[in-house]
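> With the input below, show me the fold.
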Amino acid sequence: MLNKKLIFFLSLFGLAMAFFTLMRIPPVIELPCWLLIYLFSAYRIAKVANGKFFMHGFYVNMLNSAWVTTVHILFFKIYLSNHMKEAIMLAKLPLHLYPDLWLLIIGVLFGALFGVVLGFFSLALARQIRKNSASLL
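Below is the predicted model:
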């Protein structure tokens, strides 16, 4: 059974990052922040969840993606004004008249892709923790 509270509370890191990225944290800071969030989330999932570790990680990141995508779409003008590279990229895409639609599509794709990554992190860490716990007995 999935721990919905755990999934929700871990996803709040994604909500915080949504606002931080909106304000334009430099990529040299954003990437390490996401890595720390993933490692912390995987650790908490491995320690707290009673199973389905992969699915916990996957759902946490899908909710992270939903937060980030929603904030970026709601504050679209601020997002684009602080992310010129992304604005130029969106202008070159097909359907460039609907950049918020592209943010939604990209958000779902990245959410699923990195959900798989967080799912595997969570599963691998849970197996390692349980293996170490069993060896101590």
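
> Spell out the residue ranges of the strands in this structure.
Taking DSSP state E to define them, one finds no strands in the chain.

> Flag the shaky bits of it, pLDDT-wise.
95-96, 136-137 (pLDDT under 70).

> The longest helix seen in it packs against which elements?
Ranked by residue count, the top helix of the chain under DSSP state H comes out as helix 99-136. Helix 99-136 sits against helix 27-48, helix 53-74, helix 76-82, helix 84-92, with contacts defined as 3 or more Cβ pairs under 8 Å, 6 or more residues apart in numbering; DSSP states H and E. For glycine as for every other residue, the C-beta is placed from the backbone atoms N, C-alpha and C.

> Please point out which parts of that helix sit buried.
For helix 99-136, a neighbour-count test (16 or more other Cβ atoms under 10 Å) marks 99, 102-104, 106-107, 111, 114-115, 118-119, 121-123, 125-126 as buried.

> hang on, the earlier thing: please identify which of the helices and strands packed on helix 99-136 is closest to residue 2.
helix 53-74 (6.3 Å; Cβ to Cβ).

> in the closest one, what counts as buried?
53-69, 71-72.

> what's the spacing between residue 86 and residue 80?
The spacing between residue 86 and residue 80, counted by Cβ to Cβ, to the nearest Å, is 7 Å.

> do residue 105 as well
16 Å.

> picking that back up, farthest-separated two in the buried residues of helix 99-136?
99 and 126 (38.9 Å).

> list the contacts for residue 87?
Residue 87 is in contact with 80, 99, counting by Cβ atoms under 8 Å, 6 or more residues apart in numbering.

> rerun that using 7 Å as the cut-off
By Cβ atoms under 7 Å, 6 or more residues apart in numbering, residue 87 lies in contact with residue 80.
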